[in-house]
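In: Fold the stuff below for me.
(one chain, ligands or ions: 1)
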Amino acid sequence: MTASTLLLYISLFLGSQVLLGFAFTLLRKRGSVPIAALLVTDEPPKRQSAAWSGLRAFRVARRTYEDAAQTQCSFYLEPVDGVALPDYQPGQFLTFSLLIPAAPGVEARTITRCYSLSDSPSPNHYRVTIKRVVAPADQAGVPDGVSSNFFHDHVHVGNTLQVRAPSGHFYLDSVGLAPVVLIAGGIGITPMMSMLRWCAQHQPQRGVHLYYGVRNSAEHAYKAALEDMANKLPQLRLQVVYSKPLPDDREGVDYQHPGRVDMALLKQTLPHGEHQFYICGPTAMMESLVPGLSAWGVASKDIHFEAFGPASVRLPKSEDKPQGVDAAIAIPVHFQRSGRSLTWNGKEGNLLDFAEAHGIRVESGCRSGSCGSCVSTLVRGAVEYDNPPDYDLLPGQCLLCVGKPRDSLALDA
Ligand SMILES: Cc1cc2nc3c(=O)[nH]c(=O)nc-3n(C[C@H](O)[C@H](O)[C@H](O)COP(=O)(O)OP(=O)(O)OC[C@H]3O[C@@H](n4cnc5c(N)ncnc54)[C@H](O)[C@@H]3O)c2cc1C
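Out: Next up is the predicted model:
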């Protein structure tokens, strides 16, 4: 028995909270907190200060649909080890490692996907809300989304999931007090819901403008919760925008504006003054609003955005060069493990697409710089990114899905 474990048992015997705290601190630093000891107390779980590394098991405690069409389902997740959950920043996401069972003609495989936390932090549970992704109607033979359909069809109350700790750099500036403008398109509402709930709890005086673009009442997620918050919080301005209202949808009741969330609407409805903008939605929305806000004079530091998949949106920089294929660009890229030497000319846009286009198999997950599945070691050279990736890279690592070679490159892939 180590000195710190002995101290733990003495403090439990004496009932001393001070000694107990000290013992836990010592044990945590060593990464050896005995779970049974942590569960001895009847008190509600205490907040953990640090996140965990690697995967942690969570049990699905509850699932509930958030829209009338039942395409968006919330999953409430409780840690199997019973230890209190660390806080996260409103806007961050969880990364799931999912074992997808074999189907006829398809082998079992493990995939990685990210899902935003859609509630304010709680020490007892996390919540994610997942939209079922179906194959594009105009592409015959393309399968439906693997992970989202797996969640909807096969993840039930009592099931266990393997989850990485909350992460990501798209989160609310909880120190500043400037009014926030949350702009969501479709399932991009999930990080906004977390930010909104956090503001309601911790900064009820802060002005919040929520612009939520969705097709109609069938897909309007969290409808009752949002309307309830808008009634209770005088500082919240709810601007729901339907692009295809149903015959029974009532303007001014179910939604505030027909059409789309665009610059004209923002200019027409936002009061004059400084705001912090947070945007998450489909590529088309982000590609119009991010440069639109810049052109309107909003400082880059006040525009925050996150894509749920591949997106080319970026804030303009003064040194910008034209994008796309350039015959003058010819950067040698060597894939060491695959034994392939190729030439990059910018056609594919990122190193993952470039590798795949040349038949080189690379692990991948989110394809947006968040999950880390495609992380690779740099043998030589440097990789650049349009936007800083969400995934925290170690020195000497790079992300292929959002990276481009800066100069002659060799990768351990
Ligand atoms: C940081 C972050 C946060 C996110 N938060 C959320 C969230 O809160 N809620 C949420 O619902 N999602 C969220 N996402 C998106 C989520 O991670 C998944 O990308 C989404 O659920 C789709 O995954 P899937 O496995 O179901 O689809 P995939 O299997 O990855 O398929 C994606 C699309 O490609 C199509 N497709 C499949 N195979 C082919 C093919 N051969 N050719 C052409 N098309 C093909 C599919 O039909 C589908 O339309 C987030 C993503 C990120 C990066």
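In: Going by C-alpha atoms from here, please, whenever you check contacts or count neighbours.
Out: Will do.
In: What segments of this structure are helices?
Out: Using DSSP state H, the helices of the chain run over 3-14, 17-29, 35-38, 146-154, 189-202, 223-232, 263-269, 283-295, 351-357.
In: what's the least confident stretch among those?
Out: Looking at the helices of the chain, the lowest mean pLDDT belongs to helix 35-38 (a mean of 28).
In: Okay, now the unreliable bits of the stretch 1-150 of the chain?
Out: By pLDDT under 70, the weakly predicted segments of the stretch 1-150 of the chain are 1-50.
In: low-confidence ranges in the stretch 251-400 of the chain?
Out: 311-312, 314-327.
In: And the residue of it closest to the ligand?
Out: residue 308 (3.6 Å; C-alpha to the nearest ligand atom).
In: Show the contacting residues for that residue.
Out: Residue 308 is in contact with 188, 280-282, 366, 368, counting by C-alpha atoms under 8 Å, 6 or more residues apart in numbering.
In: separation between it and residue 116?
Out: Noted for residue 308: a distance of 9 Å to residue 116, by C-alpha to C-alpha, to the nearest Å.
In: need the residues of the stretch 101-250 of the chain near the ligand, please.
Out: Applying C-alpha under 6 Å from any ligand atom, we find that the stretch 101-250 of the chain lies next to the ligand at 113-116, 129-131, 133-136, 142-149, 187, 190.
In: Return the list of strands paired to the lengthiest strand in the chain, each annotated with direction.
Out: Criterion DSSP state E: the longest strand present in the chain is strand 56-65. When sheet partners are counted by DSSP bridges, strand 56-65 sits next to strand 72-79 (antiparallel), strand 160-167 (antiparallel).
In: Pick the most buried one from the ones you listed.
Out: strand 72-79 (a mean of 22; mean count of other C-alpha atoms under 10 Å).
In: Would you mind giving the orientation angle of that strand with respect to helix 189-202?
Out: 60 degrees (axes from the mean of the first three to the mean of the last three C-alpha atoms, to 10 degrees).
In: so which residue of the stretch 151-300 of the chain comes closest to the ligand?
Out: Closest residue of the stretch 151-300 of the chain to the ligand, C-alpha to the nearest ligand atom: residue 190 (4.9 Å).
In: count of residues packed around that residue?
Out: The tally of other residues near residue 190 (other C-alpha atoms under 10 Å) stands at 28.
In: do the same with the one 4 residues further on
Out: Applying other C-alpha under 10 Å, we find 25 other residues in the vicinity of residue 194.
In: what separates it from residue 167, distance-wise?
Out: Residue 194 is 14 Å from residue 167, by C-alpha to C-alpha.
In: My guess is residue 184 contacts residue 283. True?
Out: No - counting by C-alpha atoms under 8 Å, residue 184 sits too far from residue 283 to count as a contact (11.5 Å).
In: more neighbours, these two?
Out: residue 184 (26 against 18).
In: Can you spell out which residues form a bridge with that one?
Out: residue 212, residue 280.
In: can you start the count at 29 instead of 1 from here on
Out: Sure thing, new numbering starts at 29, so read that last one as residue 212.
In: For it, which residues are in contact?
Out: 220, 238-241, 307-309.
In: redo that, cut-off 6 Å
Out: With contacts defined as C-alpha atoms under 6 Å, 6 or more residues apart in numbering, residue 212 is in contact with 240, 307-309.
In: how deep is residue 160 tucked in, by neighbour count?
Out: 20.
In: whoops, I mixed them up, residue 129
Out: Going by other C-alpha under 10 Å, the residues that sit close to residue 129 add up to 11.
In: just the strands in the stretch 329-441 of the chain please.
Out: 331-334, 359-363, 368-372, 403-408, 411-413, 425-427, 431-433, 437-439 (DSSP state E, counting those that start in this stretch).
In: would a markdown table of these with mean neighbour count be doable?
Out: Output for those, formatted as a markdown table (neighbours: other C-alpha atoms under 10 Å):
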| stretch | mean neighbour count |
| --- | --- |
| strand 331-334 | 20 |
| strand 359-363 | 18 |
| strand 368-372 | 16 |
| strand 403-408 | 17 |
| strand 411-413 | 17 |
| strand 425-427 | 24 |
| strand 431-433 | 22 |
| strand 437-439 | 21 |
